[in-house]
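Q: Mind folding the following:
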Amino acid sequence: MHVISLAAVDFRSYSFVEIELTPGVTTFVGKNGQGKTNLVEAISYCSTLSSHRVSQDLPLVKLNQPRAIVRTGVKYLERTNWLEVEIWPSKTNKAKLNGSECKKTKDILGILKTITFSPEDLILVKGDPGDRRSFLDDLLIQKSPSYAGVKSDYERVLKQRNALLKSAAPAKKNNLESILSTLSIWDDQLINFGAQIIVAKHELINELLPFITKTYTEIAPQSSELSIKYLPNVETMDVNITEVTKAMQEKINLRQQDELIRGLTLVGPHRDDMEITIGQMPAKGYASHGETWSVALSLKLASFDLLKENSPAGDPVLILDDVFAELDNDRRNQLIHRVKDVEQVLITAAVLEDVPKELIGKKLFVKDGKVEEL
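A: From the prediction side, this is the model:
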């Protein structure tokens, strides 16, 4: 799998940009603020419908413009698919596949698969549980595109349920019976979609774990073993739909008064986490700076291996966004070894000297919103 072209209109700093790409390594070179990361961000957006840099779509649209458009051509064997996404901060995004409008934007998911590694990925170790939940969500969407629908349904129900709980606080003395009746309807839907998410993430962690262990051993052979564990908001002996559904219902019943008082949903996968440990110690708070880089790199390379194993399209597109200047020689060499035979690698760097000679490949110079081949 590889991207053969990218066109973007009013995306980030670009009024318009169009480039052609080839298999192998392509390096985008340019000083900070020139727009090189915007290019790979546009490509990765077509694979996950989200950005690896921001959680909202608004920053993706050029200032004073209503929407942005991103188009990519994706080739696998002899077949080429053309993806187009219209990004509207003020209303629902739109998508086209091979020129035909999709009923839902998420219908293009699964065609282009990408894994992006960037300095922002250090938050997978240092950041809040929400950062690790997003990592699992993005990986699940690429592995099983139908998961995007379940996630969207859950978020819709969660929003409605929170709104009801918030409005219930001042009215509950006079209208408690009606509130509880309405709440039970949202409870059923929250449990339905929430149980599916919990089971899916539990299974994903189990599939990812052997890749994580192997990759970290290669990157940091002197370190203790790296492990990850899913920490769901509900506890069950067995993680299956039946048991998780039962556990969620029991905990919702138990926390009902707390939720009514706080006006907030306290039960469900939106409060889950992924535990990362090195040996017996949690990585967060104990890992050194070098170990943190090794963990983040291992998580992304393991994700790449998992997608590759589960995809008939072979290698996902690997994006390395401004990372080589931050890596020491050992980690640089491990990364070179791992990616040199990947079908397509897209690299960004402030200066060409930051990129190992083995990985420079095709060179594109980015300056003032213009892209030229060196």
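Q: Tell me where the stretch 151-300 of the chain is predicted with low confidence.
A: The stretch 151-300 of the chain contains residues with pLDDT under 70 at 169-174.
Q: average pLDDT for stretch 132-147?
A: Across stretch 132-147, the average pLDDT comes to 94.
Q: And that stretch, how far out from the chain middle?
A: 6 Å (Cα atoms, centre = their mean, to the nearest Å).
Q: Ok, stretch 250-262 next?
A: The answer for stretch 250-262 is 31 Å, by Cα atoms, centre = their mean.
Q: next one: stretch 59-68
A: Worked out by Cα atoms, centre = their mean, stretch 59-68 lies 22 Å from the chain centre.
Q: Okay, helices next: where are they in the stretch 101-250 of the chain?
A: Ranges of helices within the stretch 101-250 of the chain are 123-126, 129-143, 147-219, 241-254, based on DSSP state H, counting those that start in this stretch.
Q: now for the ones you listed, which one comes closest to Ala283?
A: With Cβ to Cβ, the closest approach to Ala283 among these belongs to helix 123-126: 5.0 Å. Using the backbone N, CA and C atoms, a C-beta is placed for each residue, glycine as well.
Q: Domain-wise, how is this structure divided?
A: 1-113+312-374, 128-310 (automatic domain parsing).
Q: Quick check: which of the helices of the stretch 101-250 of the chain is nearest to Leu327?
A: helix 147-219 (10.1 Å).
Q: any chance of the helices of the stretch 101-250 of the chain in CSV, plus distance to Lys357?
A: Output for the helices of the stretch 101-250 of the chain, formatted as CSV (distance: least, Cβ to Cβ, whole Å):
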stretch, distance to Lys357
helix 123-126, 29
helix 129-143, 31
helix 147-219, 21
helix 241-254, 51
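Q: Glu78 is nearest to which of those helices?
A: Nearest of these (Cβ to Cβ): helix 129-143, 22.8 Å.
Q: Residues contacting the closest one, please?
A: 47-50, 55, 109-110, 113-114, 123-124, 147-148, 151, 200-201, 204-205, 208, 269-274, 276, 299, 303, 306-307, 310, 316 (Cβ atoms under 8 Å, 6 or more residues apart in numbering).
Q: hmm, back to that, now distance to Leu39 and mean neighbour count too, for the helices of the stretch 101-250 of the chain, in CSV please.
A: Putting the helices of the stretch 101-250 of the chain into CSV (distance: least, Cβ to Cβ, whole Å; neighbours: other Cβ atoms under 10 Å) gives the following:
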stretch, distance to Leu39, mean neighbour count
helix 123-126, 22, 19
helix 129-143, 19, 20
helix 147-219, 24, 17
helix 241-254, 41, 17
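Q: Ramachandran coordinates for His52?
A: Main-chain dihedrals, His52, degrees, to the nearest 10: phi -80, psi 0.
Q: Now for the spatially closest residue to it that is not a sequence neighbour: which residues touch it?
A: Residue nearest to His52 in three dimensions, not counting chain neighbours: Thr116, with 4.7 Å by Cβ to Cβ, 6 or more residues apart in numbering. Residues near Thr116 by Cβ under 8 Å, 6+ apart: Val40, Ser44, His52, Lys300, Ile319, Asp321.
Q: Specify the local secondary structure of Glu84.
A: strand (DSSP: H, G, I helix; E, B strand; the rest coil).
Q: Give me the buried positions along the helix or strand where Val295 lies.
A: According to DSSP states H and E, Val295 maps onto helix 289-309. By neighbour count on 16 or more other Cβ atoms under 10 Å, the buried set for helix 289-309 is 291-308.
Q: now the angle between helix 289-309 and the next helix or strand after it, please.
A: Sequence-wise, the next helix or strand downstream of helix 289-309 (DSSP H and E) is strand 317-321. Comparing the axes of strand 317-321 and helix 289-309 via axes from the mean of the first three to the mean of the last three Cα atoms, to 10 degrees yields an angle of 160 degrees.
Q: Could you tell me the end-to-end distance of stretch 78-98?
A: Stretch 78-98 has an end-to-end distance of 15 Å (Cα to Cα, to the nearest Å).
Q: buried stuff in that stretch?
A: Quick answer for stretch 78-98 (16+ other Cβ under 10 Å): Trp82, Leu83, Glu84, Val85, Glu86, Ile87, Asn93, Lys94, Ala95, Lys96.
Q: any idea of the mean pLDDT in that stretch?
A: 94.
Q: distance between that stretch and the chain's centre?
A: Taking mean C-alpha positions (Cα atoms, centre = their mean), stretch 78-98 and its chain are 18 Å apart.
Q: what's the answer for stretch 69-78, then?
A: Distance, centroid of stretch 69-78 to centroid of chain: 20 Å (Cα atoms, centre = their mean).
Q: Show me the contact partners of stretch 147-155.
A: Outside stretch 147-155, the residues that reach it (Cβ under 8 Å, 6+ apart) are 49, 106, 109, 137, 140-141, 189-190, 193-194, 196-197, 200, 268-270.
Q: Apologies, that question was intended for stretch 255-274.
A: 129, 132-133, 135-136, 154, 158, 161-162, 165-169, 172, 179, 183, 190, 194, 197-198, 201, 205, 228-234, 248, 251-252.
Q: and what of stretch 84-95?
A: With Cβ under 8 Å, 6+ apart as the criterion, stretch 84-95 contacts 11, 45-46, 49, 56-58, 60-61, 66-72, 83, 96-97, 101-102, 104-108.
Q: Generate a ChimeraX selection restricted to the buried subset of the residues you listed.
A: Buried subset of these, written as a ChimeraX selection, criterion 16+ other Cβ under 10 Å:
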select :11,45,46,49,57,60,61,67,68,69,70,71,72,83,96,105,106,107,108
